[in-house]
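Asker: Task: produce atomic coordinates for the following.
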Amino acid sequence: MATDKWNVTDLPDLSGRTAVITGANSGLGLRTAEGLAGAGAHVVFAVRDVERGRAAAATVNGSTEVRRLDLADLSSIREFAAAWEGDLHLLLNNAGVMMLPEQRTRDGFEMQFGTNHLGHFALTNLLLPHITDRVVTVSSGLHRGGTGRIDFDDLNGTANYSPTAAYAQSKLANLLFTLELQRRLTESGSRVRATAAHPGYAATNLQSHAASPVSRLFMKLGNRFMAQDDKAGALPTLYAATQDLPGASYVGPDRFQEMRGAPTLVGRSAAASDPEAARRLWTVSEELTGTRFPLGTGVRS
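Answerer: Alright, predicted model coming up:
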């Protein structure tokens with residue numbers, strides 16, 4: 001049956017272009033890598049476990065390489081960025097952890113906020129002088145959950161840690177980061193665009209690490225009976241990375257409650273659209289990571 005819904009076969013020719021995908025060794029990252037490499041891009045698997053990354057890359061038809069990157073370790077992020085040479089057309093901030101028991105990154109940050117937001121914040125700023133086209137950051141419909149806002153008084157969740165609230169905050173941070181990054185890119189005169197995407201309810205191994213056994217059970221059942229597969233879940237990221245979209249666009253599935261379907265522009269919470277919160281989060285993230293926006297002052301006029 002014919003359909004006019006956007007799919008991986010609609011990707012443009014990406015020959016001669018280079019993409020970095022964090023967490024490309026499994027799930028949505030691997031499916032995104034398959035799509036970009038299949039369209040002719042050279043895809044760099046930025047992964048914590050190099051051996052697993054090589055095994056995954058070997059399953060992808062196209063040009064690939066594997067480099068080590070641990071988003072929970074600022075020294076690893078700096079090492080990855082310092083080794084980069086030449087143009088980078090696409091940076092896909094895909095990797096993430098979800099609803100973990102309370103843990104800390106090597107630098108002492110709450111693991112979900114530290115990995116999902118701060119790690120990608122630092123990586124993007126360090127690589128930005130090389131980026132020529134787009135930064136895509138993967139968020140989630142669950143950015144509306146938790147308290148629905150960034151808790152600037154307790155970013156590390158030390159007062160009252162909740163795996164679900166911490167995950168929601170990290171995904172909200174992804175959208176605020178995209179909003180402020182685009183503002184700074186525009187202000188600096190850069191042609192690079194920042195966009196965001198979410199996969200809907202996609203069946204991956206991410207849900208298997210939830211802190212609560214009850215949550216893991218419900219997610220297992222949801223993956224089996226409700227979720228779309230990881231190939232469909234990767235489509236919003238591929239769309240956000242390759243289509244002519246306005247800066248700060250947010251892409252997700254087009255069907256009921258954005259849980260599944262073809263990629264389309266979607267809405268976000270009021271908190272995720274708050275420019276003041278986005279600027280405040282940026283300032284705090286600079287202080288925590290020791291990285292700065294490299295293309296201009298980025299200050300508010």
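Asker: Buried residues of the longest helix seen in the chain, list them for me.
Answerer: If each helix of the chain is counted by residues according to DSSP state H, the longest one is helix 163-188. Taking 16 or more other Cβ atoms under 10 Å as the basis for neighbour counts, the residues of helix 163-188 that come out buried are 163-185, 187. To be clear about C-beta, it is placed using only N, CA and C from the backbone, and glycine gets the same treatment.
Asker: following the helix or strand of the chain with the lowest mean pLDDT, which helix or strand comes up?
Answerer: Of the helices and strands making up the chain, the lowest-confidence element is helix 213-225, at a mean of 48, by mean pLDDT, DSSP states H and E. Following helix 213-225 in sequence order, the next helix or strand is helix 230-242 (DSSP states H and E).
Asker: which stretches of the stretch 201-301 of the chain have low pLDDT?
Answerer: Low-confidence segments of the stretch 201-301 of the chain (pLDDT under 70): 203-227, 297-301.
Asker: Which strands and helices lie in contact with the lengthiest strand in the chain?
Answerer: Secondary structure of the chain read by DSSP state E shows that its longest strand is strand 131-138. Strand 131-138 is packed against strand 88-93, helix 120-127, helix 163-188, strand 193-197, helix 230-242, with contacts defined by 3 or more Cβ pairs under 8 Å, 6 or more residues apart in numbering; DSSP states H and E.
Asker: mind giving me TSV with those and columns for distance to residue 108?
Answerer: As requested, the helices and strands packed on strand 131-138 are arranged in TSV below (distance: least, Cβ to Cβ, whole Å):
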stretch	distance to residue 108
strand 88-93	21
helix 120-127	14
helix 163-188	15
strand 193-197	27
helix 230-242	30
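Asker: So for residue 55, which of the ones you listed sits nearest?
Answerer: Nearest to residue 55, of all those, is helix 230-242, at 16.7 Å by Cβ to Cβ.
Asker: Quick one: distance of that closest one to the chain centre.
Answerer: Taking the mean of its C-alpha atoms, helix 230-242 sits 11 Å from the chain's own mean (Cα atoms, centre = their mean, to the nearest Å).
Asker: Check stretch 18-25 too.
Answerer: Taking the mean C-alpha point of stretch 18-25 and that of its whole chain, the gap between them comes to 10 Å (Cα atoms, centre = their mean).
Asker: So for that stretch, mean pLDDT?
Answerer: pLDDT averaged over stretch 18-25 equals 98, rounded to a whole number.
Asker: Next, the residue nearest to residue 154 when sequence neighbours are not counted: secondary structure please.
Answerer: Of all residues not flanking residue 154 in the chain, residue 160 sits nearest, at 7.7 Å (Cβ to Cβ, 6 or more residues apart in numbering). When the structure is split into helix, strand and coil by DSSP: H, G, I helix; E, B strand; the rest coil, residue 160 lands in coil.
Asker: how many other residues sit next to residue 160?
Answerer: The number of residues packed around residue 160, counting by other Cβ atoms under 10 Å, is 8.
Asker: Let's see the pLDDT reported for it.
Answerer: Per the predicted model, pLDDT is 89 at residue 160.
Asker: Now do the phi/psi pair for it.
Answerer: Phi and psi for residue 160, reported as degrees, to the nearest 10, are phi -160, psi 80.
Asker: repeat for residue 147
Answerer: Here the main-chain torsion angles of residue 147 (degrees, to the nearest 10) amount to phi -80, psi -10.
Asker: in the stretch 1-150 of the chain, what spans have low per-residue confidence?
Answerer: 1-3.
Asker: hang on, the earlier thing: per-residue confidence averaged over the longest helix of the chain?
Answerer: On average, helix 163-188 scores 98.
Asker: Which residues are in contact with the closest residue to residue 181 other than its chain neighbours?
Answerer: If the residues on either side of it in the chain are set aside, residue 181 comes closest to residue 194, at 4.2 Å by Cβ to Cβ, 6+ apart. In this structure, residue 194 makes contact with 134, 135, 136, 137, 178, 181, 182, 185, 247, 248, judged by Cβ atoms under 8 Å, 6 or more residues apart in numbering.
Asker: coming back round to it: can you list the helices and strands that the longest helix of the chain packs against?
Answerer: Counting by 3+ Cβ pairs under 8 Å, 6+ apart, the packing neighbours recorded for helix 163-188 are helix 111-112, helix 120-127, strand 131-138, strand 193-197, helix 275-289.
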